[in-house]
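Engineer: give me a 3D structure for the following:
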Amino acid sequence: MSTLIVTAFVTLDGVVQAPGGPDEDKSGGFTHGGWLVPYGDEGFGELMDRIFVRSADHLLLGRRTYDIFAAHWPRFTDPDDAIAVKLNSMPKYVASRSGDSLEWHNSHLLKGDAGESVAMLKQQLDGVLMTQGSSDLIATLQQHDLVDEYRLLISPVVLGTGKRLFHEGATPVSWTLAESLTTGAGVQYCAYRREGRPSYGSFESAE
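Structural biologist: You can find the predicted model right below:
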């Protein structure tokens, strides 16, 4: 069985929409595309190498994110570009309502209900199944309680609008902080591993 890890570029107010460029995702009238770019320093690049090159065995994507990646990464053929080599070669699984063919090398379409398909995929695969971007798909994963770990790269910026990482209807889960560090540009990297159901109490009863 694989471990499903959600990686996300996120703002202080939880926005994950269009971190990489102005035209990445304008849905909902979003005008802040490219908010992550000013924080892409050397430390950030080292994190990308660790997360994608050294950790991920399989990539799980929603259709919008898949199309963005598929239009970008196959153009990078330098054998010394470790991230491009990894993404272009690794198995990619796409949750999509569209039956359109997938042209990017080693891509596989998940059929049927996304929650059920991903649950089956987790059982069939070994290693790490990693999700990047794909906010709509992440909402489905949260609702079906399929996430084992979050790796969040939190940028010191507030946008006030846009798609959020956590959606209404997510299954209640408590998490343990497994690792954290801060890049020179101020991006906070936090890895949270699943612990179990939340526990509750009252400060009043402790008096």
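
Engineer: and G186, which of the three is it?
Structural biologist: coil (DSSP: H, G, I helix; E, B strand; the rest coil).

Engineer: what number of residues lie near G160?
Structural biologist: By the measure other C-beta atoms under 10 Å, the count of residues near G160 is 8. All C-beta spots, glycine's among them, are computed from the backbone N, C-alpha and C.

Engineer: and it, what does it touch?
Structural biologist: D13 (C-beta atoms under 8 Å, 6 or more residues apart in numbering).

Engineer: distance check, it against Q17.
Structural biologist: To Q17, G160 is 12 Å away according to C-beta to C-beta, to the nearest Å.

Engineer: do the same with S89
Structural biologist: 28 Å.

Engineer: which of those two has more neighbours?
Structural biologist: Between S89 and Q17, counting by other C-beta under 10 Å, Q17 is the more crowded of the two (24 against 10).

Engineer: check for me that that one belongs to a helix.
Structural biologist: No - according to three-state DSSP, the state of Q17 is coil, so it is not within a helix.

Engineer: ok, it touching T31?
Structural biologist: No - with contact defined as C-beta atoms under 8 Å, Q17 does not count as touching T31 (10.4 Å).

Engineer: can you show me the strands along this structure?
Structural biologist: Counting by DSSP state E, the chain has these strands, from start to end: 3-11, 58-62, 92-95, 107-110, 128-132, 149-155, 174-182, 188-196.

Engineer: direction included, what does the last one pair against?
Structural biologist: Strand 188-196 has the following strand partners under DSSP bridges: strand 149-155 (antiparallel), strand 174-182 (antiparallel).

Engineer: would a markdown table of the ones you listed with mean pLDDT and distance to L109 be doable?
Structural biologist: Putting those into a markdown table (pLDDT from 0 to 100; distance: least, C-beta to C-beta, whole Å) gives the following:
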| stretch | mean pLDDT | distance to L109 |
| --- | --- | --- |
| strand 149-155 | 97 | 25 |
| strand 174-182 | 97 | 31 |
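
Engineer: among those strands, which is the most enclosed?
Structural biologist: strand 149-155 (a mean of 21; mean count of other C-beta atoms under 10 Å).

Engineer: tell me the angle that one makes with strand 128-132.
Structural biologist: Angle, strand 149-155 to strand 128-132, by axes from the mean of the first three to the mean of the last three C-alpha atoms, to 10 degrees: 30 degrees.

Engineer: now find how far off-centre strand 149-155 is within its chain.
Structural biologist: 8 Å (C-alpha atoms, centre = their mean, to the nearest Å).
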